[in-house]
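**Student:** Have a look at this fold, sequence not included:
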């Protein structure tokens, strides 16, 4: 990639961004789009355009609103989890700004003015002179100018550790404030008990749980609720809800037909057989009303049976005091680890009910199996994709889906399809991966949605860092690189360090693309807008259906957090080698903060609240990114033959004390074998 | 070592054992030695020779008594910790017996009858034909007879895991029974609070603790005791105790002089200056009586000052309910990890008071420093010993200690000294090592004696396994071996496996020496016997002094457990390669069980009770030994080119699927770099 195409790529991204911004400004002012751009406010019963109608207000008012909103506003609207996410964004932004204002004015001149004859050209691969001049690759080996880079590395590390420490304290305060608020929250009075042993003859599980906890917490025990096997009752309930919706839909269709057609209207009909395509034709309204009546009585009967006879090995235990509940959730309740396991109860809305009765050994086994599957996915994900693209050649496609034949035979389409089939397979895989990882995480037997999201986020982070960052850097997929490294494990640092500079431009473009196009799409909400209008026009008949079409869902931490972590990992690892990446990274997090502040305040609706449990997860991975940065820099200073960093290979022989020791050891060896019996 | 010298060594050990047994039988029957052989019984006010006088009873009665004693007897006499130690001994014995009765009749004939031409002679180094015939080294490479050894490995692993599982359950029951006993134990109503923050102005630490815990545990809170800085008061108290002892001694001397000399006796005198050598000569009885009076009033004043003004950041908090105390000890009490740290309180007698006020960061720092020191000691302990032995040459010794000159100049002594000086340095080091490790563990800031003992035991186990087992096996000290392995990390398994067979004889002798001589000395208690009689004759004047001379101390788990673990590690790693080691190992643990049962019932007095907390520590290390065994066996099967074990290098090329994958990966590599932006 030469300098021109780098600039072109940047400019293209920027133009897309500007277009998306203009679209947002225009579309978000139309009252018909308020369900897409202000769903959060609508759900809270607020006026979408506070302080002015859509048409007259300043097109950049959203920026003012986002910037002026306080942390307490975010907590009030979107909860502690979202506030913690903004702490993450602003901490990383702080790290990049604080290091940027020192690193850029110092390192860029130091690198650019090194006019000595170059010995090696480390950054030649895939990069270009203009950018290279500003990078550490331009500094001569063994040059004393490297001191500046070394000091810069320490400065950045210091800044990062300090801001992370501040952020941890701050998040801890946020969590404590939320947990200590006077508002009564059911989960604070509840613990989740799993692995309840089988009750003795003549006692139900509920009686066992009651007697067990009443004995220990005589004063503060309130009551218990044993988890039941709800498969049957769920099915009936779902049928009932479905019939209710269909009835409402049929009534809406009937009402509409009265308006548009004859005065008495056309009664909607449906068939009772498979998928409504076969069977007897009946009047929908009557049919569903009757079905609802049947289901209600069936549901009541099944509810009784379920509560009495389908009790499982898990329960929620309620206390009358927060302190007792908190204390009980942290205490060991049985001699063996596989009975009476207790944890603090998740929020009611985020409990994964089907995971609760899974027993200790099942959870362990599932966890191991899931980890193995994830590891295989991370290391070998190219294999199934390779197979799929091998089998989905055009010839095969034509055989399997003959109706595609006329399209596929057109020359230009054929060429494009043949070239892009493997990429399309990869794209589909990457689009499905987060959902797949979330599914896997839930299969582990985790009891709450937020925990499962964190688990999925962790898995996605491994995938992203290992495959995108290390994979692209070292060149090829991870497995191949690992095979090289396995032959000589000491080389891992050197391999990584050698490969880094060559990919600086790729990652610059990568980060720029993500913030311009990614955040442009996020803000303009083009895809939800189109889907909403299509649904509104052709599918939705009732208010409920319409609401379901625009209800926005939550921010989606499970994919957002690992993506951001990937960007900061990349930026950290490059910020000394090619400091020019720092403004790109800062722009990514600044724009992210701004856009998501708007989305958090006006669009997304949190689906759970874990009071900032995401933070330790983020914190650990940020520290891991810092360590990765320091290790690669170690390697890179080694390549630059900068003897003041601690690489043994570069210690002058005269200073090398090893020889003396070795003789000592040979003496020692003979002594130790003679004197073993004294140990 | 040839077969004859192996037998000689065995026979010598056995003869020493027989002599020690005879000595024990003879000496333990003398009434004058009852303080050495039955101190535990004496302290409990029992008759040393229950059921018959010393002279008439059966000389082997102690064996019958040891074997017939139940676990409950051991718990009653010596506590749960000792009982758990016997569970360890009997579990390991069970593993060795159960595997021995299968392995010995199967593997020995399989190995001995392999008459095919030998390709390699793996066990030639330092061993001999007679033993080699019975080992796996005698089996041809690629032989199908190796199946027997593979199956034997699985059998042993299965037996070990099963018995360990049973033992864990059993120990858990023992602990639960002890903790649930009706007997009121102060530590069950107490928690230890550390890292108490500074109290606000006008409040003492005690008031802060009281108000803090009263607010949380309103019902069950009893009171608190803040730890104080006792340095001053301790000094006065120690002086006082010293004066009391000296007064008693002086009075005893005076009384004796009345009997032996003149009727009015000679009043003992002493000097008041340095070490009682200089200064005014005074009447001891008067002098010490006066000193005691002074100290008592000083002590009372200092006690008041200490309790009021020297409160530190740690406290013991007492509750009126066991459940609340147990629950409080497990609950988080503050937002930050560095304040209000709580743990369950140790027994009063095993609290290490000076460690309690150490704060969170100090404990962390100390722990890291101690770990570094221990690691350096384990890897480089030969260096200081090398230096010491280099400087303590005879010439230097003569210079420093001229009075040794006449002795050192004698020819034969000179030769012996010159040859053994390094060994003596090593011996002194090895004798001091356990004390050094215990001291280091206490410096970590651990709050209780039993915990410090476990920590020291863990460190000693690392030292023993790494230096004695791996060090001797691979040849040379650990550091040197590691340097080779660092060059090619994959070789570690092979290196270990190649070196193992050559040292089989060394370890056979090692184990035999330990059980014959070690347990012989343990049972006969020759050293304590001699020390006791010397003290009794020349030093002790009062009853208290005499009692202090024979009080036996505890079993000393900190050194005993890691030594036993070292033996089982060695036996496990050799039991497939040279199954003949199994009876030696079984004999070690059987004899150990028998001898220590006697000592636990009649000699040692436990100095603390941790209710079996040692078990998880032992269990983890036993599992680690099993894993080490399996890894080395993997390596050894690899050397034997036994293709049915999972070594990739030995998979026939026709079955090797790697080539196909590699092409897939090259495709994949190019795809992934083209599609990064989708991630």
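**Tutor:** Right, received. Where do you want to start? This one's a predicted model, so the numbers in the text were calculated from it and none came from an experiment.
**Student:** For chain B, see how far away residue A:240 is.
**Tutor:** For residue A:240, the distance to chain B equals 42 Å [Cβ to the nearest Cβ, to the nearest Å]. For the C-beta atoms, the positions are set from N, CA and C on the backbone; glycine is no exception.
**Student:** Check whether that residue really touches residue A:299, as I assumed.
**Tutor:** Yes - between residue A:240 and residue A:299 a contact is recorded at 6.0 Å, counting by Cβ atoms under 8 Å.
**Student:** can you list residues touching both of those two?
**Tutor:** Residues touching both residue A:240 and residue A:299 by Cβ atoms under 8 Å, 6 or more residues apart in numbering or on different chains: none at all.
**Student:** State whether residue A:192 is indeed within a helix.
**Tutor:** No - counting by DSSP: H, G, I helix; E, B strand; the rest coil, residue A:192 is not found in a helix; it is strand.
**Student:** Just the pLDDT at it, thanks.
**Tutor:** If you check residue A:192, the pLDDT there is 95.
**Student:** how many neighbours does it have?
**Tutor:** A count of neighbours around residue A:192, defined by other Cβ atoms under 10 Å in any protein chain shown, yields 21.
**Student:** and if you look at the one 4 residues further on?
**Tutor:** Using other Cβ under 10 Å, residue A:196 is surrounded by 25 other residues.
**Student:** Equivalent analysis for residue A:151, please.
**Tutor:** Neighbours of residue A:151 under the rule other Cβ under 10 Å: 14.
**Student:** OK, contacts around it?
**Tutor:** Residue A:151 neighbours (Cβ under 8 Å, 6+ apart): none.
**Student:** Work out for me the element it sits within.
**Tutor:** In this structure, residue A:151 is located in helix A:146-180 according to DSSP states H and E.
**Student:** and that helix, which residues are buried?
**Tutor:** Buried residues in helix A:146-180, counted by 16 or more other Cβ atoms under 10 Å in any protein chain shown: A:146, A:148-150, A:152-153, A:155-157, A:159-160, A:163-164, A:167-168, A:170-172, A:174-175, A:178.
**Student:** so where's the stretch 251-400 of chain A shaky on pLDDT?
**Tutor:** Under the criterion pLDDT under 70, the flagged ranges of the stretch 251-400 of chain A are A:261, A:263, A:273-277, A:385-386, A:388-397, A:400.
**Student:** How about the residues of it by chain B?
**Tutor:** A:323, A:326-328, A:330-332, A:335-336, A:382-383, A:385-386 (Cβ under 8 Å from any Cβ of the partner chain).
**Student:** Now for the residues you listed: which two are most distant?
**Tutor:** Spatially, the most separated pair among those is A:323 and A:386, at 57.4 Å (Cβ to Cβ).
**Student:** Can you pick out the residue with more neighbours from these two?
**Tutor:** A side-by-side neighbour count of residue A:323 and residue A:386, using other Cβ under 10 Å, places residue A:386 first with 21 against 15.
**Student:** one step back: could you dump the residues of the stretch 251-400 of chain A next to chain B into TSV and include secondary structure?
**Tutor:** Shown next, in TSV, are these (three-state DSSP):
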residue	secondary structure
A:323	helix
A:326	helix
A:327	helix
A:328	helix
A:330	helix
A:331	coil
A:332	coil
A:335	coil
A:336	coil
A:382	helix
A:383	helix
A:385	helix
A:386	helix
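**Student:** just for the stretch 451-600 of chain A, where's the confidence low?
**Tutor:** Confidence mapping of the stretch 451-600 of chain A against pLDDT under 70 gives the ranges A:471-502.
**Student:** try 90 this time
**Tutor:** A:462-559, A:563, A:566, A:570, A:573-581 (pLDDT under 90).
**Student:** try the stretch 51-200 of chain A
**Tutor:** A:51-66, A:77, A:103-150, A:179-185, A:200.
**Student:** Apply 80 and report the result again.
**Tutor:** The stretch 51-200 of chain A contains residues with pLDDT under 80 at A:51-60, A:112-144.
**Student:** Which positions in it make contact with chain B?
**Tutor:** Close to chain B, as judged by Cβ under 8 Å from any Cβ, the stretch 51-200 of chain A has residues A:169, A:172, A:173, A:176.
**Student:** out of these, who's nearest residue B:81?
**Tutor:** residue A:172 (39.4 Å).
**Student:** and the closest one, what does it touch?
**Tutor:** B:335, B:336.
**Student:** measure it to residue B:360 for me?
**Tutor:** 15 Å (Cβ to Cβ, to the nearest Å).
**Student:** what does residue A:307 give?
**Tutor:** In terms of Cβ to Cβ, residue A:307 sits 48 Å off from residue B:360.
**Student:** Just give the number of residues close to residue A:48.
**Tutor:** 18.
**Student:** what sits against it?
**Tutor:** For residue A:48, the contact set (Cβ under 8 Å, 6+ apart) comprises A:34, A:37, A:38, A:41, A:42, A:54, A:602.
**Student:** Name the helix or strand for the fourth one, please.
**Tutor:** Secondary structure assigned from DSSP H and E places residue A:41 in helix A:39-43.
**Student:** That helix packs against which elements?
**Tutor:** Counting contacts by 3 or more Cβ pairs under 8 Å, 6 or more residues apart in numbering or on different chains; DSSP states H and E, helix A:39-43 packs against helix A:581-602.
**Student:** Single out the residue in the stretch 251-400 of chain A that lies closest to chain B.
**Tutor:** In the stretch 251-400 of chain A, the residue that lies nearest chain B is residue A:382 (2.9 Å; Cβ to the nearest Cβ).
**Student:** Angles on the backbone of residue A:452, please.
**Tutor:** Residue A:452 adopts backbone torsions of phi -60, psi -40, taken as degrees, to the nearest 10.
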